[in-house]
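J.: below is the sequence, then the predicted model.
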Amino acid sequence: MASNPLKKATPYLGILLLFVIPALFIPFIKKSQMLHKEQLSTTVQSVEIKRDTTFAIVIHGGAGISDPTLLPDTTQAAIKGSLTEALELGKAMLLRGDSAHIVVASVIVLLENNTLFNAGKGAVLDHSGKASLDASIMTGWDKNAGAVAGATTIKNPILAALHILQNSPHVILSGMGANKYAKQNNLTTVPNSYFITQESKNRLKRSIEADKSGTVGCVVRDKYGNLVAGTSTGGMNNKKFDRIGDSPIIGAGTWADNSTCAISCTGWGEYFIRTAAAHEVASIYKYQNVSIQKAAYEVIFNQIEPLGGYGALIAIDCKENITVESNTTLIFHAWYNKNGQQKIALSK
C-alpha cells in the first residue's frame, strides 16, 4: 500500500504551526499592546492638561418678592447657615477633585433634606395638600440630562434625575412613572407625608408667599473644566391640575454646556418656560459675545420682566466667571469663585 506523504508530514506541520503562527502574530500583539498603552497615556495626559487648580460653585435657595428685612433674625441666620453648609460641602468635594455632576447632586440633596427650602422635605403643597416634586440635572460635556416632574414618593428627586441621566434613554419621567422608576432602581422612596411639615401646611392655608419661595439649585465648574447645573423644587404653592414649572424642563430652568455656561433658575416658572430662559442666556453669551453677567441681565430684565414675570438665576461660564441675577428682593444664594472669594447672602 502506498504511503500518504501528507499523513507523514502532519506531525511536522503541527510543530511548524505551533511556532510559526505565534511568531507571525506576536508583532501585532505587541503593537496592539503598545497602542493601548499609548491611548492610556494620552488619556491620562489629556486629563492632566485639562485639570487645573481652580473651580467655582454657585448655589441658590430660591427667590421671592418679600422684603428681606422683614424676615426674623433667626430665620435669616438659619438660611445663611444652611447655605454656608452647602457651599462648604461643594468646595470640599471640588477641592479633592470630585466630578461636577456628583458635587451638584450632593449639594442639592443637602438642600432637599433641609426644611427651610422649597425642595424635598418641607416643599410647598399643591391644592390637594400633597407635595409634588420636580428636579433636573444636566452635564455640560455631553449635554445629557435627566429630570423628574410631579414625583410624590422620591425622597431626593435630584438623585432620581441623576439616575435617569446616567441610565435611561429618556430625559423626563413624570408622576407615577417617576415614582415607579425610582422604586425599581432602588432609590429611596418615602410616603408623601414625609415631605409635609407644619409650615408647609400653614403656607397652603395662607396661600401666599412668605419667607420661603422657589427652588434650590447649584451650578459648578470643576477642576476638569466641566460644567454642570442642577435644580430641585416643590413648585408653586397651592398649584392645581398637576402644574409643572420650569425646574425639570431642560433649557428653561436648567442648562449646561461646556462651551458656554451652566445655569439654574428660580422664580415664576411659567415665564422661564415661555422665554426658554436658561438656554437663552447661553445663546446670548455665545452668539452675542457678551459677558455672562450681561447675558443673565438681558434675560431677566429685558425678556422675563416685560412679560410680567419675576425670578432669578445663577450661572457660571466656561471661564469660571459667575453671576447671580434677579428682579426680586429675595434671592438666597452663596458662591465661591476662582479667586478664592466667597459670599453668602439673602439678596443680590
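T.: Noted; the coordinates are in hand. Numbering: from 1, shown residues only.
J.: what's the closest non-adjacent residue to Glu112?
T.: In space, Glu112 comes closest to Gly120 once its chain neighbours are excluded; the distance is 2.9 Å by C-beta to C-beta, 6 or more residues apart in numbering. In short, each C-beta sits where N, CA and C put it, glycine included.
J.: shaky segments in this protein?
T.: Residues of the chain meeting the criterion pLDDT under 70: 1-52, 205-214.
J.: can I see the domain layout of it?
T.: 1-50, 54-345 (automatic domain parsing).
J.: please identify the most buried of those.
T.: Mean neighbour counts were taken over the domains of the chain using mean count of other C-beta atoms under 10 Å, and the top value, a mean of 21, falls to domain 54-345.
J.: distance between that domain and the chain's centre?
T.: Offset of domain 54-345 from its chain centre (C-alpha atoms, centre = their mean, to the nearest Å): 8 Å.
J.: now for whichever strand or helix holds Ala77, which elements pack on it?
T.: According to DSSP states H and E, Ala77 maps onto helix 73-95. For helix 73-95, the elements it packs on are strand 56-64, helix 100-112, strand 216-221, strand 330-336, strand 342-345, judged by 3 or more C-beta pairs under 8 Å, 6 or more residues apart in numbering; DSSP states H and E.
J.: would you turn these into JSON lines with distance to Trp141?
T.: As requested, these are arranged in JSON lines below (distance: least, C-beta to C-beta, whole Å):
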{"stretch": "strand 56-64", "distance to Trp141": "16"}
{"stretch": "helix 100-112", "distance to Trp141": "9"}
{"stretch": "strand 216-221", "distance to Trp141": "11"}
{"stretch": "strand 330-336", "distance to Trp141": "21"}
{"stretch": "strand 342-345", "distance to Trp141": "26"}
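J.: ok, which of those comes nearest Ile137?
T.: Evaluated over these, closeness to Ile137 peaks at helix 100-112, with 6.2 Å, by C-beta to C-beta.
J.: neighbouring contacts of the closest one?
T.: 57, 59, 61, 82, 85-86, 89-90, 93-94, 117, 119-121, 135, 137, 139-140, 155-159, 162, 165, 216-222, 224, 226-232 (C-beta atoms under 8 Å, 6 or more residues apart in numbering).
J.: quick one, what contacts Asn258?
T.: Gly140, Trp141, Gly225, Asn226, Leu227, Cys318.
J.: am I right that it sits in a strand?
T.: No. Counting by DSSP: H, G, I helix; E, B strand; the rest coil, one finds Asn258 to be coil, located in no strand.
J.: next, give phi and psi for it.
T.: phi -60, psi -30 (degrees, to the nearest 10).
J.: equivalent analysis for the one 4 residues further on, please.
T.: Dihedral angles of Ala262 (phi, psi; degrees, to the nearest 10) stand at phi -120, psi 140.
J.: show me what contacts it?
T.: Met138, Gly140, Val219, Val220, Arg221, Leu227, Val228, Ala229, Trp255, Ala256, Ala315, Ile316.
J.: for Thr188, same thing?
T.: Here Thr188 is in contact with Ile154, Lys155, Asn156, Leu159, Ala182 (C-beta under 8 Å, 6+ apart).
J.: in TSV: the residues you listed, plus secondary structure.
T.: Output for these, formatted as TSV (three-state DSSP):
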residue	secondary structure
Ile154	strand
Lys155	coil
Asn156	coil
Leu159	helix
Ala182	helix
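J.: so which elements touch whichever strand or helix holds Trp255?
T.: If you go by DSSP H and E, Trp255 is part of strand 254-256. When contacts are defined as 3+ C-beta pairs under 8 Å, 6+ apart, strand 254-256 packs onto strand 133-139, strand 227-233, strand 261-267, helix 277-287.
J.: just checking: what are the partner strands of the second one?
T.: Looking back up the chat, that one is strand 227-233. strand 133-139 (antiparallel), strand 216-221 (antiparallel) (DSSP bridges).
J.: now for those, which one comes closest to Asn202?
T.: Closest approach to Asn202 among the strands paired with strand 227-233 (C-beta to C-beta): strand 133-139, 19.2 Å.
J.: output the next helix or strand after the closest one as CSV, nothing but the C-alphas.
T.: Sequence-wise, the next helix or strand downstream of strand 133-139 (DSSP H and E) is strand 144-151. Taking C-alpha atoms only, strand 144-151 is exported to CSV below (Å, rounded to 0.1, in the frame of the first residue of the first chain):
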residue,chain,number,x,y,z
ASN,A,144,-27.0,64.8,28.6
ALA,A,145,-29.8,65.4,31.1
GLY,A,146,-32.2,63.7,33.5
ALA,A,147,-35.4,65.0,35.2
VAL,A,148,-38.4,64.1,37.2
ALA,A,149,-41.7,66.0,37.3
GLY,A,150,-44.6,65.6,39.7
ALA,A,151,-42.9,63.0,41.8
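J.: outside of strand 144-151, which residues touch it?
T.: With C-beta under 8 Å, 6+ apart, strand 144-151 has contacts from 132-139, 154, 157, 160-166, 168, 171-175, 178-179, 182, 242, 244, 248-250, 254.
J.: beta partners of Met138?
T.: Bridge pairing for Met138 - DSSP bridges - gives Ala145, Ala229.
J.: OK, contacts around it?
T.: Asn144, Ala145, Leu165, Val228, Ala229, Gly230, Ile250, Thr254, Trp255, Ala256, Ala262.
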